[in-house]
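> everything below, folded, please.
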Amino acid sequence: MRRIALLLVAVVMVAGVVVCMVPPSQHADAETAPIFGGEIPPGYRDWPLISVAREKGKLQDLRAKLGNDVAIKAYRSGNGSFPDGTIIARLAWSYVPWEESDKVLGPHNSFMAGSPKEGVQFMVKDSRKYASTGGWGFAQFNDGKPTKVVVKSCFSCHATIKARDFVFTRYAP
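Residues are numbered from 1 along each chain as shown. From the prediction side, this is the model:
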């Protein structure tokens, strides 16, 4: 009987050690935590640049895409998929002709960022929480406050690029 009790204590101790050794979830720190609790990820403006773009048509803006460490590592791997914990930020500005440059290059050959547009947007990868939208959640913040961006409307555009894990932006190191 005493052997069984000692064996049981040993098993419980080993189980406790194993639980303590299991790595934390990928959402444990502020850089990879989902933002849909109404908070902007801290320090996102210091994240590395993924790429920039000029959008024409109805958008008419200049965009910068930034990524947390998880996103940058995924982009650099080149495998085209993103793990849970990936966060991609989108900043946008109107674009305006750069008058000083126009004097040298001619009118409307150079543009610069004007006023900010549409706050800041985020895509967060959490394959369980956002399973219905390809594993991605979407959010927009205007003046630091969350807005009600309809997830399905964001996803309807991103759904067209399923083969790229629903991400438009290509990495431009």
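> what strand or helix carries the residue lying closest to residue 135 once chain neighbours are set aside?
Among residues not flanking residue 135 along the chain, residue 127 sits closest, at 3.8 Å (Cβ to Cβ, 6 or more residues apart in numbering). Placement of C-beta: from N, CA and C, glycine included. Using DSSP states H and E, residue 127 sits in no helix or strand.
> so what's the residue count around residue 127?
12 (other Cβ atoms under 10 Å).
> okay, it and residue 64: tell me how far apart.
Distance, residue 127 to residue 64, using Cβ to Cβ, to the nearest Å: 26 Å.
> now do residue 83
Residue 83 is 23 Å from residue 64, by Cβ to Cβ.
> same deal with residue 164?
Distance from residue 164 to residue 64, by Cβ to Cβ: 19 Å.
> same thing with residue 139?
17 Å.
> the two: which has the busier surroundings?
residue 139 (25 against 16).
> counting by contacts, list what whatever helix or strand the more buried one lives in packs against.
Taking DSSP H and E as the criterion, residue 139 maps to strand 136-142. Secondary-structure packing of strand 136-142 (3 or more Cβ pairs under 8 Å, 6 or more residues apart in numbering; DSSP states H and E): strand 111-125, helix 151-158.
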